[in-house]
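**Student:** after the sequence you'll find the predicted model.
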Amino acid sequence: MKVAILQMAVALGEPQKNIANLYRMAEAAMESRPDVLLLPELWPVGFYPQPILDYADADGRQMRDTLSQLAKRYQVNIVGGTVANAIGKQVFNTCYVFDRGGQLAATYHKTHLFTPSGEAEDFEPGNSLVTVTLDGVKCGIAVCYDIRFPEFTRQLTLSGISVLFLPAAWPQTRLFHWQTLIRARAIENQIFIAACNEAGLGPHDTPMAGHSALIDPWGEILAEAGEEEDILQGNLRPAIRTQIKETMDVLADRRETLYLSKPKK
């Protein structure tokens, strides 16, 4: 599975400008004929202008149409980052996934909202983990803050995923956490992680961390971007995961009943 990560510099509150940038970057990425395009979190508006309801896409219709047409044009799978998705007066931070024919393959509402930024006050949380099969490969979806919760990725792994797609809007001040967590989740679950972060400046001129990356199940960095807008490409080879699991099958050595018990005093 060849993945192209679009590390976009997102213009805050300017969806038409960001859509034009998406078209430009997607066209450039498709010269290498990837199987999947991965976008960052809240790429149409940034993370995030307020009040977010004024910027949200009603039922995600415009952004779903945009992503569907793009997938169909290039016959490529798209993990569409996330969009501010207004369902009635509630706004969800939603990831849409489209297959090569432009059909909606999965919808995931971000479940862990970043309380320190006030996200939990402006968005509604999702309540379901979501997997999707792309070109025969079972994949999971997480968004930004989700990666801080190891139980979340472990549950997706136990459901049989080989790849975790992670759109994010992660600031430069916590770059060390970003780099550490995406590698840790890959190592402990023995899965590939494709992590797409924003570049440029966020709200209040906050520098975004960039450093989107492709990580293999051994924690090796297959490809990594810097802090500027970039297109990152890499190939996730199933044989690598098979070889690693044959050498050390961590999941086979789990003792689940032990983890559910209370420690003795």
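**Tutor:** All right, it came through fine. For clarity, every value in this text was computed on a predicted model and none was experimentally measured.
**Student:** flag every buried residue along the longest strand seen in the chain.
**Tutor:** Under DSSP state E, the strand in the chain containing the largest number of residues is strand 90-98. Taking 16 or more other C-beta atoms under 10 Å as the basis for neighbour counts, the residues of strand 90-98 that come out buried are 91-98. In short, each C-beta sits where N, CA and C put it, glycine included.
**Student:** between the residues you listed, which is nearest Gly13?
**Tutor:** Within the buried residues of strand 90-98, the smallest distance to Gly13 is 14.4 Å, found for Val91 (C-beta to C-beta).
**Student:** for the residue lying closest to the closest one once chain neighbours are set aside, give me the pLDDT.
**Tutor:** Taking C-beta to C-beta, 6 or more residues apart in numbering as the measure, Val91 lies nearest to Ala56, with 4.8 Å between them; neighbours along the chain are not counted. Confidence per residue is given as pLDDT, and for Ala56 that number is 98.
**Student:** do the same with Gly102
**Tutor:** Per-residue confidence (pLDDT) for Gly102: 98.
**Student:** what's the answer for Pro207, then?
**Tutor:** The per-residue confidence score, pLDDT, reads 96 for Pro207.
**Student:** so who does it touch?
**Tutor:** Counting by C-beta atoms under 8 Å, 6 or more residues apart in numbering, Pro207 touches 171-173, 200-201, 227.
**Student:** if we can go back for a sec, could you pull up the residues touching the residue nearest to Val91?
**Tutor:** Contact analysis of Ala56 by C-beta under 8 Å, 6+ apart lists 84-86, 91.
**Student:** give me that answer again for 6 Å
**Tutor:** Ala56 makes contact with 84, 86, 91, according to C-beta atoms under 6 Å, 6 or more residues apart in numbering.
**Student:** for Ile193, same thing?
**Tutor:** Under the criterion of C-beta under 6 Å, 6+ apart, the contact partners of Ile193 comprise 164, 182, 186, 215.
**Student:** let's go with 7 Å and repeat that
**Tutor:** With contacts defined as C-beta atoms under 7 Å, 6 or more residues apart in numbering, Ile193 is in contact with 164, 166, 182, 185-186, 215.
**Student:** show me the helices in the stretch 101-250 of the chain, by range?
**Tutor:** Listed in chain order, the helices found in the stretch 101-250 of the chain under DSSP state H, counting those that start in this stretch are 119-122, 150-158, 175-189, 238-247.
**Student:** for the third one, name the packing helices and strands.
**Tutor:** Pointing back at helix 175-189 there. Helices and strands touching helix 175-189, by 3 or more C-beta pairs under 7 Å, 6 or more residues apart in numbering; DSSP states H and E, are helix 150-158, strand 192-196, strand 213-215.
**Student:** for Arg237, which of those is the nearest?
**Tutor:** From those, taking C-beta to C-beta, the stretch that ends up closest is strand 192-196, at 8.9 Å.
**Student:** which strands border that closest one, and is each parallel or antiparallel?
**Tutor:** Each strand that strand 192-196 pairs with, and the sense of that pairing, follows from DSSP bridges: strand 163-167 (parallel), strand 213-215 (antiparallel).
**Student:** just give the closest residue to Thr94, not the sequence neighbours.
**Tutor:** Here the nearest residue to Thr94 in space, its sequence neighbours aside, is Asn85; by C-beta to C-beta, 6+ apart that works out to 3.9 Å.
**Student:** and the strands paired with strand 192-196 as JSON lines, adding distance to Ile240?
**Tutor:** Shown next, in JSON lines, are the strands paired with strand 192-196 (distance: least, C-beta to C-beta, whole Å):
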{"stretch": "strand 163-167", "distance to Ile240": "12"}
{"stretch": "strand 213-215", "distance to Ile240": "11"}
